[in-house]
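> how does the following fold in three dimensions:
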Amino acid sequence: MKVLFSIILTFTFFGCQSSNSTSESKYGKNTPKDNIKAKQLFQKCQRCHGERGELHAIRKSDIIAFYKKEEIVEALKDYQKGKRNKHRFGHLMKGIVSDFSDHEIHILAEYISQFKKSKK
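Numbers count the residues shown, from 1 in each chain. As a prediction, this is how the structure comes out:
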């Protein structure tokens with residue numbers, strides 16, 4: 001009985017704790033590790049969208065720094081599926097984001113969505 005009680009007690013204190021005790025993730029706020037990965041992913045975007053998402057890519061696209069996180073996620077997923085061709089960039093964008101995982105799309109979207117809130 002004491003063994004069963006100690007197992008339940010251990011599970012209660014250690015097994016039910018969140019693994020991200022210092023920050024969020026799983027599509028909430030990025031963890032520091034997520035931000036490092038998102039910054040690496042964003043290097044693919046910087047060529048056209050600018051260092052902080054402040055440019056109209058090839059003078060045509062929207063300024064992505066003004067997008068909300070949910071809008072970025074939706075746009076990237078639609079580009080991935082070939083369902084979005086805004087400003088005729090669908091094929092180009094699909095090639096860029098085709099290998100991004102769902103997690104990478106979300107952390108990249110969170111990273112980009114913070115640009116409008118912070119100044120360099």
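
> what does stretch 86-104 rub up against?
With C-beta atoms under 8 Å, 6 or more residues apart in numbering as the contact definition, stretch 86-104 has outside contacts at 37-38, 41, 44-45, 57-58, 60-62, 75-76, 79-80, 82, 84-85, 105, 108. For the C-beta atoms, the positions are set from N, CA and C on the backbone; glycine is no exception.

> tell me the pLDDT of the one residue sitting closest to the centre of the chain.
By C-alpha atoms, centre = their mean, the chain has its centre lying nearest to I107, at 1.9 Å. pLDDT recorded at I107 is 98.

> contacts only, for it.
N30, D34, N35, K37, A38, L41.

> so of the residues you listed, which ones are in helices?
Using DSSP state H, the members of those that fall in helices are D34, N35, K37, A38, L41.

> pick the one among those residues closest to F66.
Checking those against F66 by C-beta to C-beta gives A38 as the nearest, at 17.8 Å.

> surely that closest one is in contact with Q114?
No. Look at A38 against Q114 with C-beta atoms under 8 Å: they stay out of range, at 9.4 Å.

> re the thing from before, nearest to K69 among the ones in helices among the contacts of I107?
Closest approach to K69 among the ones in helices among the contacts of I107 (C-beta to C-beta): A38, at 11.6 Å.
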